[in-house]
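Engineer: compute the structure for the input listed below.
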Amino acid sequence: MRNLIFCLGFFFFALSANAQVVINEEPSVANLMNVFKSNNQQNSIIRAWRIQIITTTNRREMDSANRKFDRLYPHIDYKWQHNPPYYQVRVGAYEKKEDLMAFLMQIKQDFPSATPIQDDIKKTELLDF
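Structural biologist: Numbers count the residues shown, from 1 in each chain. Okay, the predicted model is just below:
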């Protein structure tokens, strides 16, 4: 019984004790982290993911896909670009590929050729989407 009381007392004492960790950081590491933070804040564009719903050489086909997408998903922005000879329609802005997979499966019902692609995306687009 005496041992049990001693163990319980020690256990409650250990729970109530505040552990403190002190990190001694080298000045060169701190400077490097400050440079990293500064560069990251200045760069407004990152390499991230979009879903490309169509790639075609036919401008009318691209316009038709834009209208269909706008009708089906009015709350999601899309962008098109012309990289001769192809017209490409891209939607969404995702930091990680895993984040777009659920929407990709949904959108493939309406646009079977939809594929994930990497793109240069403004950080503000990631926050808005």
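Engineer: got any ranges where this structure has weak pLDDT?
Structural biologist: Applying pLDDT under 70 to the chain flags residues 7-19, 127-129.
Engineer: may I ask you to name the longest strand in it?
Structural biologist: Ranked by residue count under DSSP state E, the longest strand found in the chain is strand 45-56.
Engineer: adjacent strands (with direction) for it?
Structural biologist: Taking DSSP bridges as the criterion, strand 45-56 forms sheet pairs with strand 86-94 (antiparallel), strand 115-122 (antiparallel).
Engineer: list the buried residues for the longest one?
Structural biologist: Meaning strand 86-94. Going by neighbour count (16 or more other C-beta atoms under 10 Å), the buried part of strand 86-94 is 87-94. (Each C-beta comes from the backbone N, C-alpha and C, glycine too.)
Engineer: mind saving the C-alpha coords of it as PDB?
Structural biologist: Provided in PDB are the C-alpha atoms of strand 86-94 (Å, rounded to 0.1, in the frame of the first residue of the first chain):
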ATOM      1  CA  TYR A  86      -3.300  24.000 -78.800                       C
ATOM      2  CA  TYR A  87      -6.000  25.700 -76.800                       C
ATOM      3  CA  GLN A  88      -5.900  24.600 -73.100                       C
ATOM      4  CA  VAL A  89      -8.600  25.200 -70.400                       C
ATOM      5  CA  ARG A  90      -7.400  24.900 -66.800                       C
ATOM      6  CA  VAL A  91      -9.400  25.100 -63.600                       C
ATOM      7  CA  GLY A  92      -8.700  25.300 -59.900                       C
ATOM      8  CA  ALA A  93      -5.600  26.000 -57.900                       C
ATOM      9  CA  TYR A  94      -4.200  23.400 -55.600                       C
END
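Engineer: doesn't Trp80 make contact with Asn66?
Structural biologist: Yes: assessed by C-beta atoms under 8 Å, Asn66 is found in contact with Trp80 at 6.3 Å.
Engineer: follow-up on the earlier one: what's the closest of the strands paired with strand 45-56 to Gln20?
Structural biologist: The closest of the strands paired with strand 45-56 to Gln20 is strand 86-94. By C-beta to C-beta, the value is 39.8 Å.
Engineer: I am finished for the moment; much appreciated.
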